[in-house]
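Asks: My questions are about this predicted structure, shown below with the sequence.
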Amino acid sequence: MKKYLKILTAMVISSSTLIGVSLINKITSMHAISKNLLGKEETKEFEWRFGNIKYRKKGHGTPILLVHSPDVAASSEEWFKITDVLAESHTVYSIDLLGCGLSEKPFMTYTNHIFAQLICDFIKAIIGKRTTVISSGNSSAFVISACDNDCTLFEKIILVSPEKLSKGQLIPGKRARTYKAILSMSVLGNLLYNIATFRWNIKYNVRSDFHIKDRFTKDMLDKCYEAAHRGLSPKSLYSSIVCFYTKKNIKFELSQIDNSIVIFEGRYNKDASTVIKEYMRVNPAIESVIIDDSNKYPHIENDKEFLNALSIYL
């Protein structure tokens, strides 16, 4: 009898723990999206085969596509300081990548190929003409792959703080595949994701890429926190990123591109010199620009100098 009571007690405790963790996960998500900051500005929708993509369109003139950095806390809001100025003389499209912001977040494995195809399909279906593409962070690899797929869609390519080419050689190992499987679990996976995207963790991770930390404002943090918890399965993109499924060695594609490519780096980005040398070693025609008083987000930290330098290439 005592044996059965112990088993019953263990089952009750386990069930209560699961219910409690599930409730915490639910409350966390509801709290994060309660302000609906990302949904205040009107958006358009591109019905794509892997999921509906939200985007914004402003201005008139030659087209520019803004592609934000690929991260669960990222969205097209990353470009808020430069969009309106660019829209004075261009038609500016800013998209939320699949798995980010207001776009759909299906339960799937995200890869470089999927994002590259999204960029190509968006230009074909929505913009309909050769487009200058400005990307941020690790999205540089997606844009290079997309241009290699169909260079006729691209006018110029501006890469803002691109990732080191050497990091594109990382591939999912046994530990990564195990961790991804754990993150796919309903309760435990959601808990681990919520810990990783806890408000303080997002603040610490994003602020570390700013030269002057106070330039990452509370409003920006609120939007990042909301972006990380919207949608059906935001953890799917997270697991794909941290387990290296979005990585790709783009050296060959980069060497084949004839389109104009310019790299913008912040002066205080410790990787800037290495990145520029790596890219120019593969494609000597690449140009580079250094923006003062900034780290990995020169378009936010020093938007005036960024726009002045950008105007030379547009």
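Replies: Yep, it's here.

Asks: got the phi/psi numbers for residue 178?
Replies: phi -70, psi -40 (degrees, to the nearest 10).

Asks: And the helices in this structure, which stretches?
Replies: 2-33, 83-86, 112-122, 139-149, 174-183, 187-196, 199-207, 218-227, 234-242, 251-256, 272-282, 298-301, 303-311 (DSSP state H).

Asks: closest to residue 96 out of those?
Replies: Closest approach to residue 96 among these (CB to CB): helix 218-227, 8.2 Å. To be clear about C-beta, it is placed using only N, CA and C from the backbone, and glycine gets the same treatment.

Asks: How about residue 258, nearest residue that isn't a chain neighbour?
Replies: residue 151 (6.9 Å; CB to CB, 6 or more residues apart in numbering).

Asks: dump the residue contacts of that neighbour.
Replies: 257, 258, 259 (CB atoms under 8 Å, 6 or more residues apart in numbering).

Asks: for residue 161, phi and psi?
Replies: phi 50, psi 60.

Asks: one step back: residue 99: which of the helices of the chain is closest?
Replies: Between the helices of the chain, helix 234-242 lies closest to residue 99; by CB to CB that is 3.4 Å.

Asks: Just the CA trace of stretch 119-127, in PDB.
Replies: Extracted in PDB, the C-alpha atoms of stretch 119-127 (Å, rounded to 0.1, in the frame of the first residue of the first chain):
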ATOM      1  CA  ILE A 119      14.200  37.400 -50.300                       C
ATOM      2  CA  CYS A 120      14.200  36.300 -53.900                       C
ATOM      3  CA  ASP A 121      10.400  35.600 -53.900                       C
ATOM      4  CA  PHE A 122       9.600  38.800 -52.100                       C
ATOM      5  CA  ILE A 123      11.500  40.900 -54.700                       C
ATOM      6  CA  LYS A 124       9.800  39.000 -57.600                       C
ATOM      7  CA  ALA A 125       6.300  39.000 -56.200                       C
ATOM      8  CA  ILE A 126       6.000  42.300 -54.300                       C
ATOM      9  CA  ILE A 127       8.700  44.700 -55.600                       C
END
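
Asks: Report the central residue of the protein.
Replies: Of all residues in the chain, the one closest to the mean position by CA atoms, centre = their mean is residue 70, 1.7 Å from it.

Asks: Give me the phi and psi for it.
Replies: Torsion angles, degrees, to the nearest 10, at residue 70: phi -80, psi 100.

Asks: That one contacts residue 242, correct?
Replies: No: using CB atoms under 8 Å, residue 70 makes no contact with residue 242, being 11.7 Å away.

Asks: if I pick the closest residue to residue 301 other than its chain neighbours, what's in contact with it?
Replies: Excluding the flanking residues, the one nearest residue 301 by CB to CB, 6+ apart is residue 294, at 3.8 Å. By CB under 8 Å, 6+ apart, the contact list for residue 294 reads 211, 266, 267, 268, 269, 300, 301, 302, 306.

Asks: one more time with 7 Å, if that's ok
Replies: 211, 266, 267, 268, 301, 302 (CB atoms under 7 Å, 6 or more residues apart in numbering).

Asks: Tell me, please, where in this protein the pLDDT is lower than the cut-off.
Replies: 1-32 (pLDDT under 70).

Asks: if we can go back for a sec, just the contacts of residue 294: which are in strands?
Replies: Judged by DSSP state E, strands contain the following of the contacts of residue 294: residue 266.

Asks: now the contacts of residue 294: which count as buried?
Replies: Neighbour counting with 16 or more other CB atoms under 10 Å marks 211, 266, 268, 301, 302 as buried within the contacts of residue 294.

Asks: Tell me which two in those are the farthest apart.
Replies: Going by CB to CB, the pair spanning those furthest: 268 and 302, at 10.5 Å.

Asks: circling back: of the contacts of residue 151, just the buried ones, ChimeraX syntax please.
Replies: In ChimeraX, a selection of the buried entries from the contacts of residue 151 looks like this (16+ other CB under 10 Å):
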select :257,259
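
Asks: just the contacts of residue 151 now: which is nearest residue 286?
Replies: residue 257 (9.2 Å).

Asks: Tell me the one of the contacts of residue 294 nearest residue 220?
Replies: residue 301 (11.6 Å).

Asks: how far away is the closest one from residue 36?
Replies: As for residue 301, its distance to residue 36 is 27 Å (criterion: CB to CB, to the nearest Å).
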